[in-house]
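Trainee: Coordinates for the following, if possible.
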Amino acid sequence: MEGVITIDGPAGSGKSTVSILLAKQLGFFYLDTGAMYRAVALQAEREGVGPEDGEALGDLCRNLELRFEEGETGLQLYLEEDDISSAIRSPEMDMLSSTVSAVGEVREAMTELQRKMGSRGRVVAEGRDMGTVVFPNAIHKFFLTASTRVRAERRYRERIERGENVPLTEVEEDLIKRDEQDSTRNIAPLRPAGDAIIIDTDTMNIEQVIQTIHDAVRMKSL
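Mentor: Predicted structure coming up:
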């Protein structure tokens, strides 16, 4: 799968920003799988489907009409004709998406959809199990990480910029809970693929991370 670049990592590691810019530079499609799971969480909440009802969640996933479109402010996610790009970015959707993504029926349905989207090639796929589960045969795999404190500070700034009034300690606590949920779930736990290049972004800016990925892709392509 030469046309697929996977970028995995925990929340706040910088993978979303890096993936968006990398895809733009390469002229690739950016596949935001985290947003897709958030869409499942949002629709489940709207329909009153609990995370314990795997069968209903599986049916919900298979009937979701999701599409990404380039908008004035970047890539927008639509659920049918509803732009849900902002609605899925709340702390509640952050935790609920982690919960529903651990449900087997959800994982199966979304993995199938993500592979279908990735089959076009020339894709930067960002998530938590892109290199381990969804695209295990991808040639270019990366796993971004950073210390909990640095990731919390990044998330804190994002939320303040969105107009939220939240203490840094709460953001850090939420992040620790999310890490615990993602890394200990039985299905597709958060971990780097065995052949992924691990990049610690603690002391790196976005440009440096992207350059590191560019260099690694170029070396493998020689």
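
Trainee: mind listing the strands in this protein by residue range?
Mentor: For the chain, the strands defined by DSSP state E occupy 4-8, 29-32, 66-71, 74-79, 82-83, 123-127, 140-145, 197-200.

Trainee: Make a markdown table from those strands and add mean pLDDT, distance to Glu55 and mean neighbour count to it.
Mentor: Where C-beta positions appear, they are placed from N, C-alpha and C, glycine not excepted. Below are these laid out as a markdown table (pLDDT from 0 to 100; distance: least, CB to CB, whole Å; neighbours: other CB atoms under 10 Å):
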| stretch | mean pLDDT | distance to Glu55 | mean neighbour count |
| --- | --- | --- | --- |
| strand 4-8 | 96 | 28 | 28 |
| strand 29-32 | 92 | 27 | 22 |
| strand 66-71 | 86 | 20 | 13 |
| strand 74-79 | 87 | 21 | 17 |
| strand 82-83 | 94 | 25 | 12 |
| strand 123-127 | 95 | 24 | 27 |
| strand 140-145 | 97 | 33 | 25 |
| strand 197-200 | 97 | 37 | 16 |
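
Trainee: and of those, who's closest to Ser19?
Mentor: Ranking these by proximity to Ser19 (CB to CB) places strand 123-127 first, at 3.9 Å.

Trainee: strand partners of the closest one, parallel vs antiparallel please.
Mentor: Sheet pairing of strand 123-127 (DSSP bridges) gives strand 4-8 (parallel), strand 29-32 (parallel).

Trainee: what about the helices in this structure?
Mentor: Taking DSSP state H as the test, the helices found in the chain are 15-26, 33-47, 54-62, 91-100, 104-118, 148-161, 168-184, 206-221.

Trainee: Present the ones you listed as TSV; the columns should include distance to Phe68, mean neighbour count and mean pLDDT.
Mentor: Below are the helices of the chain laid out as TSV (distance: least, CB to CB, whole Å; neighbours: other CB atoms under 10 Å; pLDDT from 0 to 100):
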stretch	distance to Phe68	mean neighbour count	mean pLDDT
helix 15-26	11	20	93
helix 33-47	8	21	94
helix 54-62	17	17	94
helix 91-100	17	19	89
helix 104-118	9	18	92
helix 148-161	20	17	93
helix 168-184	23	16	93
helix 206-221	21	14	91
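
Trainee: now those helices in a markdown table, with distance to Glu70?
Mentor: Putting the helices of the chain into a markdown table (distance: least, CB to CB, whole Å) gives the following:
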| stretch | distance to Glu70 |
| --- | --- |
| helix 15-26 | 10 |
| helix 33-47 | 14 |
| helix 54-62 | 24 |
| helix 91-100 | 22 |
| helix 104-118 | 15 |
| helix 148-161 | 21 |
| helix 168-184 | 28 |
| helix 206-221 | 20 |
